[in-house]
Structure formats: structure tokens, C-alpha cells
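S.K.: Okay, structure incoming, though there's no sequence with it:
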């Protein structure tokens with residue numbers, strides 16, 4: 001090792017990554033996109049780089065590079081320039097600008113809420129509980145929207161983030177804002193009105209448990225979207241979901257969409273209760289069996305010979321229906337001569 005400094009063969013330097021990337025963007029990115037982002041910061045120290053540079057990384061198949069870069073651009077952490085040049089976004093600056101826009105009016109004058117202290121306590125509680133103390137500022141803005149535009153009670157705001165964690169969307173900004181809007185439209189603004197929500201949540205939790213158990217899988221965000229649809233839009237409970245899965249047991253691989261389609265079929269038929277669904281499936285089975293029987297008749301399968309137009313003469317029929325053959329003329333004359341004696 002040289003006295004002038006550390007040997008460059010050793011990777012003992014540091015790469016700085018903004019906390020906001022880890023708290024806000026990284027949970028939404030795939031491993032290839034995260035890998036490229038970290039590598040470019042290590043190699044180019046936040047400066048621009050080209051598509052060729054990214055390909056030279058070598059740790060990711062070349063055919064997957066464009067997909068990973070497109071994911072980073074869509075997330076807002078890279079900007080694509082002309083000539084396949086990519087430039088990192090200053091995420092800290094974006095966060096500060098969002099904060100300033102929310103804290104000032106159109107003239108840039110600071111805007112303070114009369115209950116700023118109460119709001120801050122709520123935000124800190126949500127930050128510590130659901131974001132390990134590192135919450136992106138856009139979620140602070142969501143808290144403000146819930147408090148001052150939708151007029152949610154504090155407990156309702158807290159429950160909103162609890163719901164986001166339950167649905168595994170609490171890191172996805174757009175989906176959290178959509179969820180808040182849905183709650184507002186449904187009237188979930190007070191603690192009293194949340195009773196309906198908690199009943200729904202309990203039902204959804206029970207459905208998730210039985211679904212994961214029967215399908216033998218760890219549920220994903222997409223799976224939870226199906227489950228939320230079953231419980232919210234279809235009014236399904238764990239019992240009827242279990243019966244739907246068991247009805248589909250003849251399939252090799254049951255998909256969530258298969259269960260959704262079965263529940264939708266019952267919903268359209270007005271049988272969203274286990275006992276009614278059982279009667280419905282029994283009648284449907286009988287009807288299908290009858291159709292199959294009629295189909296066999298039309299195709300001459302399992303028909304009697306007579307039904308199929310095939311006739312087979314028996315020995316008795318041959319004897320009864322066959323006319324007596326005439327005797328030869330010589331034999332007839334010989335019999336007549338013998339009769340004379």
C-alpha cells in the first residue's frame with residue numbers, strides 16, 4: 001500500500017445514496033433496476049451515463065438492461081436525454097421542493113395550521129410505526145390532505161396507513177392517495193364510521209388466511225387486490241371463498257382469477273352464501289350431466305342398436321320369417337309315384 005493513500009485495488013470507498021431513494025423509491029423497484037442505480041452512483045458518482053455504459057456493467061443480461069432503465073425512468077429517479085444518455089434526478093431537491101410548495105401559498109408566504117403540533121404528532125407516529133422513522137415527504141402531504149381537505153379524524157388517518165400496510169401498498173404513493181379518496185367517498189371520516197371498515201378488514205384477513213392455506217402460496221400485492229375485490233365488491237366471506245376454491249380443485253393450478261370468476265358467477269346468480277352456492281353447483285352439475293347424456297345420444301354413442309338404426313336378425317326371426325323353399329320338380333314327381341303304392 002502506498003504511503004500517499006489506499007491502494008485502488010481495494011474497494012474501501014463509500015457510495016452515498018439519498019435516504020429518500022431507500023424510503024420512497026426502492027420498495028417499488030425490481031432488483032435489476034436497484035442494482036443499476038447503485039452501480040451508476042458508485043461508478044459515475046451521480047453524473048450522467050449512457051446505455052452502452054449500463055450494458056458494460058455485465059451483472060445483468062443485456063436484454064434486461066432496457067427494461068431496468070425504463071423502470072428507473074418511470075419511477076422518476078432517472079431522466080432520459082437524447083442519444084441514449086441517462087441523467088440521475090436530484091431526489092433530495094425534489095423532496096425539498098415538494099415541502100416548500102406545501103408549506104407556502106402562491107406568493108411564497110409560509111402557511112401554518114392552527115393545529116400544527118397535533119398534526120406533527122400524528123405524522124411522527126405514522127412515520128415510526130409504518131416507515132421505520134424514514135417517511136417520504138409526499139406521505140406527509142397525504143396526511144395533510146386527509147386532515148384538512150377530507151376532514152378525517154386523527155384515528156382515521158392512522159387507520160388509513162394501517163390499511164395501506166395491510167394491503168402492502170403503503171410505499172406506493174398513487175395507491176395510497178387513491179385509497180384515501182375511496183375512504184372519503186365511502187364516508188370513512190370518523191371513528192364511528194370506521195366500524196364498517198373494521199368489519200370488512202376482519203373478513204378480508206380471514207379470506208387471506210384461508211386462501212393462502214388452500215392455494216399453498218405466499219400472497220402477493222396482486223393477490224390482495226383480488227381478495228379486496230371479493231370482500232368489498234362481492235361481499236364474500238372466508239366460508240364461500242373456501243367453497244369456491246374447493247369447487248375449482250379439479251384444476252391443476254388454481255389461479256386467483258379463477259376464484260374471482262367463480263365468485264362473480266355466484267354473485268350474478270344471487271347465491272353469495274355457502275348453502276345457496278352448494279345448491280346452485282349441485283343443480284349445475286345435474287344439468288351438465290343431462291347435457292352430456294343428450295350429447296351422447298346425438299353422436300350414436302352408447303345407443304341401442306335399434307336407436308342407432310342397426311338391425312340384427314336373431315335365429316328365431318330367421319326361422320319365422322324365411323319362406324318355405326319349393327322342392328325340386330324331380331323330387332316332387334318321385335314323391336307322387338311312391339304315394340300310388
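M.R.: Happy to help now that I have it. Values in this document were obtained by computation on a predicted structure and should not be read as measured data.
S.K.: so what are the domain limits for this structure?
M.R.: Listed by automatic domain parsing, the domain ranges of the chain are 19-91, 112-192, 202-298.
S.K.: and the last one, how far out from the chain's middle?
M.R.: The one in question is domain 202-298. The gap between where domain 202-298 is centred and where its chain is centred comes out at 16 Å by Cα atoms, centre = their mean, to the nearest Å.
S.K.: likewise the shortest one?
M.R.: Averaging C-alpha positions (Cα atoms, centre = their mean) puts domain 19-91 27 Å from its chain's average.
S.K.: about what we covered before: would TSV of the domains of the chain with mean neighbour count be doable?
M.R.: Every residue, glycine included, has its C-beta placed from N, CA and C. Output for the domains of the chain, formatted as TSV (neighbours: other Cβ atoms under 10 Å):
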stretch	mean neighbour count
domain 19-91	16
domain 112-192	16
domain 202-298	15
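S.K.: nearest residue to residue 158 other than its sequence neighbours?
M.R.: residue 126 (6.3 Å; Cβ to Cβ, 6 or more residues apart in numbering).
S.K.: Export the domains of the chain as a markdown table, with columns for distance to residue 13.
M.R.: Converted to a markdown table, these look like this (distance: least, Cβ to Cβ, whole Å):
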| stretch | distance to residue 13 |
| --- | --- |
| domain 19-91 | 8 |
| domain 112-192 | 24 |
| domain 202-298 | 36 |
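S.K.: just so I know, which of those lies nearest residue 12?
M.R.: domain 19-91 (12.6 Å; Cβ to Cβ).
S.K.: now the end-to-end length of the closest one.
M.R.: 9 Å (Cα to Cα, to the nearest Å).
S.K.: what about residue 249, which SS state?
M.R.: Here residue 249 is recorded as coil under DSSP: H, G, I helix; E, B strand; the rest coil.
S.K.: Residue 98 is nearest to which of the domains of the chain?
M.R.: Nearest of the domains of the chain (Cβ to Cβ): domain 112-192, 5.4 Å.
S.K.: Run the chain-centre distance for the closest one.
M.R.: Distance, centroid of domain 112-192 to centroid of chain: 24 Å (Cα atoms, centre = their mean).
S.K.: Next, the contact list for the spatially most central residue of the chain, please.
M.R.: With distances taken as Cα atoms, centre = their mean, residue 222 lies nearest the centre of the chain, 2.4 Å away. Each residue near residue 222 by Cβ atoms under 8 Å, 6 or more residues apart in numbering is listed here: residue 256.
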